[in-house]
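got a structure for you, letters missing:
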């Protein structure tokens, strides 16, 4: 005969279950405050990085903390359960030396990341190709460190990417042609690396900002550049050929810097417009002349800079650049008299710098002096006397005028500055 069991009270729990319940209520587990996989990834990321002396970024990364999303510097979470959506490594403060170490492939385990930022430091090694798994990523900024190796082709899988900034590292190899498939990419900054090779024939169609300066890119500009571009810099490379590809750009372009390359041929007339407030084409092999002025000639505003120096531009100076705040036409093959419109612009203060040295100019029709605030240089031309010599840069040299046997035949009355 079986003995009846005494009834259990529904609120009486075994002691160990009661303890677990109390711990859950009063000491929530980290997994309730952050996804467990994200927490493990943060631990692995931390293991591969360290604070440089003078940096205390990781002092808040205490893995006994009940709420890493709130307590860890640089970590932002959202959702339920919380997932890491923004990771900023380093303080970004000018007084902070930053971080050292390497980037962990475990970054790819933070699958809900929308922004990954590495501030300046001395982080070395490659960019983990595993980052191509972060399909939600919109901003990838890994700047001013010592990252090496190629740009991973896996980045082309980041279909939501808006900004890619890998500038000021030691990256090598070509620009992956597969990046052209990033239809959401608006900002691409690869300046100051060791990248090389030809540019892909096509670039992301919606690019607004493209900065490739100070690399080893060679070859021609793509025949068709992204039409929405507002900022384009490829200075300090080894590129050559004509500037035909620039004709496809819309009037939205406001900054152009292709200086210190080997581009040749004429400058497209479409670039001479007031909306293009910075046009830097110095130190190339450009030829031809300035386009003639017309009723639709640009009216440049404050801060406008046009630098066409150190090329092979010839012919007479048209008035198309009159009124730009800084005009550099020095070290070319320009001839004839300087249009009075440039002198007028200097006098009213709209043009503050006018460098015309090292040309074959024969006249500067000025009566009276020029404002003390103006920098005008006419050294080493075919005219006497020279004015504005005191404001010439040291690079203009000490010779006041070009030897007459190098100058075209002209009426000596035309050589005066009056």
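Alright, I've got the coordinates. Predicted model, so just to flag it, every value in this text is computed and none were measured.

mind listing the helices for the stretch 301-418 of the chain?
340-348 (DSSP state H, counting those that start in this stretch).

who's in contact with residue 311?
With contacts defined as CB atoms under 8 Å, 6 or more residues apart in numbering, residue 311 is in contact with 281, 282, 283, 284, 285, 286, 287, 331, 332. Every C-beta, even on glycine, is put in place using the N, C-alpha and C of the backbone.

the residue positioned nearest the centre of the chain and residue 232, how far apart?
Central residue of the chain (CA atoms, centre = their mean): residue 211, 4.2 Å from the mean position. Residue 211 sits 8 Å away from residue 232, going by CB to CB, to the nearest Å.

now do the shared contacts for those two.
Taking CB under 8 Å, 6+ apart as the contact rule, residue 211 and residue 232 touch no residue in common.

residue 105: neighbour count?
Residue 105 has 17 neighbouring residues, counting by other CB atoms under 10 Å.

surely it touches residue 133?
No - using CB atoms under 8 Å, residue 105 is not in contact with residue 133; the gap is 9.7 Å.

next one: the residue nearest to the centre of the chain from residue 187, what distance?
From residue 211 over to residue 187 (counting by CB to CB), the distance is 9 Å.

got it, and residue 93?
The gap separating residue 93 from residue 187 is 23 Å, by CB to CB.

between those two, tell me which one has more neighbours.
More neighbours surround residue 187 than the other of residue 93 and residue 187, with 18 against 12 (other CB under 10 Å).

wait, doesn't the more buried one sit right on residue 163?
Yes - using CB under 8 Å, residue 187 is in contact with residue 163, at 4.2 Å.

for stretch 283-297, which positions count as buried?
The neighbour-count check on stretch 283-297 (16 or more other CB atoms under 10 Å) flags 283, 284, 286, 287, 288, 289, 290, 291, 293, 297 as buried.

which residues are contacting that stretch?
The contact list for stretch 283-297 (CB under 8 Å, 6+ apart) reads 240, 243, 258-267, 269, 272, 308-322, 334.

buried among the residues you listed? Make that a ChimeraX selection.
The ChimeraX command for the buried members of the contacts of stretch 283-297 (criterion: 16+ other CB under 10 Å) is given here:
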select :240,243,258,259,260,261,263,264,267,272,308,309,310,311,313,317,318,319,320,321,322,334
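
now stretch 178-188: buried residues?
By 16+ other CB under 10 Å, the buried positions in stretch 178-188 come out as 179, 180, 182, 185, 186, 187, 188.

dump the residue contacts of the first one.
Applying CB under 8 Å, 6+ apart, one finds that residue 179 lies in contact with 151, 155, 156, 164, 185, 188, 200, 203, 204.

great, nothing more from me.
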